[in-house]
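Asks: A structural model of the following input is requested.
(one chain, ligands or ions: 1)
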Amino acid sequence: MPARIVITGVAGFIGSHLAAHLLDQGHTVVGLDNLITGNRDNVAQLLKRDFTFINHDVTEHISIDGNVDFVLHWASPASPVDYLKWPIPTLKVGALGTHNALGLAKAKGATFVLASTSEVYGDPLEHPQRESYWGNVNPIGPRGVYDEAKRFAEAMTTAYHRYHGLNTKIVRIFNTYGPRMRLADGRAIPTFVVQALVGEDLTVFGRGGQTRSFCYVSDLVEGIVRLMESDTNDPVNLGNPKEMTIIELAKRIVAMTDSRSQIVYRPLPLDDPKVRQPDIARARKLLGWEPLVTLEDGLARTIDYVKQELA
Ligand code: UDP
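Replies: Numbers count the residues shown, from 1 in each chain. The predicted model follows:
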């Protein structure tokens, strides 16, 4: 059945992929964004379709006419560089924005989906991370503005489920990459690919022994759609369990781009998690989901995208 779906943060990397996929499935999408880290070009691609864009800051009251079946709350700066630049908007969108988006879902009797994050696990002492792990977060560290905002957002979402009976879903998104990431968003993959293609040194932070596990965006979107349609109200990790060190990632990107760039070392940012790998047993069991795109394929597509953007 076609649904009418509100997406906050629709001009962002994941928000815009989600919108395009839901439009492909025949749904109607109403997208909101205040464009502080979103990209207007991502929205322009959607405008010819059954899509409406509202330039709105969701920390202010959200009003949408007509029925709404789902509210997908994706609005937030999400790259460490962005949330260090926008600490208070990050806290506000996780707190006030989540409250407003939940209020909209409650008023419309819609299902609510929260974009949460592996950052709720902080610098984890349990590895890989299962949904049952409570995390190791420094509330007053530089990443606290994002981590605590998302932890508050999970608490608020769960309260609306328990006390108002709202149908809510929480997806804990692990590192995701692919086309439409902002080239200068500061994250490892776009940064390294740009550096390798333009012949600059790749800036590896620390000694590069910290690990991450990278999921291609189409896999993530498929998992989110399955979660929307599922019965569960518990948090679900979505990510690719294939873990690697950042130095391995940098070398892989140098090799795949035939680059002559060197690797240089820069100070490790404070509270940078040392390891990260999702345990996806819950997603496998409840959603029958697992990632299908290999790092090789995903990186090749991302490198093509970055080449086009640089051309
Ligand atoms: N990183 C790096 N060089 C860069 C950007 C990031 O070495 O130019 C490292 C960063 O310190 C972290 C990892 O790569 O350990 C992933 O960083 P990213 O910003 O992509 O996301 P995070 O997982 O930290 O949110």
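
Asks: setting the sequence-adjacent residues aside, check what's closest to Glu60.
Replies: Spatially, and ignoring its direct neighbours in sequence, Glu60 is nearest to Asn100 (7.4 Å; C-beta to C-beta, 6 or more residues apart in numbering). Every residue, glycine included, has its C-beta placed from N, CA and C.

Asks: and Gly206, by the same measure?
Replies: In space, and not counting its chain neighbours, Gly206 is closest to Leu268: 3.3 Å by C-beta to C-beta, 6+ apart.

Asks: what is the neighbour count of the closest residue to Gly239 other than its chain neighbours?
Replies: Excluding its sequence neighbours, the residue lying closest to Gly239 (C-beta to C-beta, 6+ apart) is Phe174, at 2.6 Å. Counted with other C-beta atoms under 10 Å, the neighbours of Phe174 add up to 24.

Asks: return the distance of Phe174 relative to Arg143.
Replies: Separation of Phe174 from Arg143 (C-beta to C-beta, to the nearest Å): 15 Å.

Asks: my guess is the residue nearest to Gly239 meets Lys242, correct?
Replies: No: using C-beta atoms under 8 Å, Phe174 makes no contact with Lys242, being 10.8 Å away.

Asks: common neighbours of these two, please.
Replies: When C-beta atoms under 8 Å, 6 or more residues apart in numbering defines a contact, the residues bordering Phe174 and Lys242 alike are Ser213.

Asks: up against the ligand, what does the stretch 201-311 of the chain have?
Replies: Thr203, Val204, Phe205, Gln210, Arg212, Ile246, Pro269, Asp272 (C-beta under 6 Å from any ligand atom).

Asks: format the residues you listed as JSON lines; extra columns: pLDDT and neighbour count.
Replies: Supplementary listing: these in JSON lines, determined by pLDDT from 0 to 100; neighbours: other C-beta atoms under 10 Å:
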{"residue": "Thr203", "pLDDT": "98", "neighbour count": "14"}
{"residue": "Val204", "pLDDT": "98", "neighbour count": "22"}
{"residue": "Phe205", "pLDDT": "98", "neighbour count": "14"}
{"residue": "Gln210", "pLDDT": "98", "neighbour count": "19"}
{"residue": "Arg212", "pLDDT": "97", "neighbour count": "22"}
{"residue": "Ile246", "pLDDT": "98", "neighbour count": "21"}
{"residue": "Pro269", "pLDDT": "95", "neighbour count": "14"}
{"residue": "Asp272", "pLDDT": "95", "neighbour count": "15"}
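
Asks: out of those, list just those in helices.
Replies: Ile246 (DSSP state H).

Asks: ok, which pair from the residues of the stretch 201-311 of the chain next to the ligand is furthest apart?
Replies: Within these, Thr203 and Arg212 form the most distant pair, 15.4 Å apart (C-beta to C-beta).

Asks: which sections of the stretch 201-311 of the chain are below the confidence cut-off?
Replies: The model of the stretch 201-311 of the chain has no residue with pLDDT under 70.

Asks: in it, what residue lies closest to the ligand?
Replies: As assessed by C-beta to the nearest ligand atom, the ligand sits closest to Phe205 within the stretch 201-311 of the chain, at 3.5 Å.

Asks: beta-bridge partners for that residue, please?
Replies: With beta bridges defined as DSSP bridges, Phe205 has these partners: Arg266.

Asks: looking at it, it is touching Pro273, isn't it?
Replies: No: with contact defined as C-beta under 8 Å, Phe205 does not reach Pro273; the gap is 11.6 Å.

Asks: how about the helices of the stretch 51-200 of the chain, start to end?
Replies: Ranges of helices in the stretch 51-200 of the chain, per DSSP state H, counting those that start in this stretch, are 80-85, 87-92, 98-108, 144-164, 188-198.

Asks: any chance of the ones you listed in a markdown table, with mean neighbour count too?
Replies: Listed next are those as a markdown table, based on neighbours: other C-beta atoms under 10 Å:
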| stretch | mean neighbour count |
| --- | --- |
| helix 80-85 | 18 |
| helix 87-92 | 19 |
| helix 98-108 | 22 |
| helix 144-164 | 20 |
| helix 188-198 | 21 |
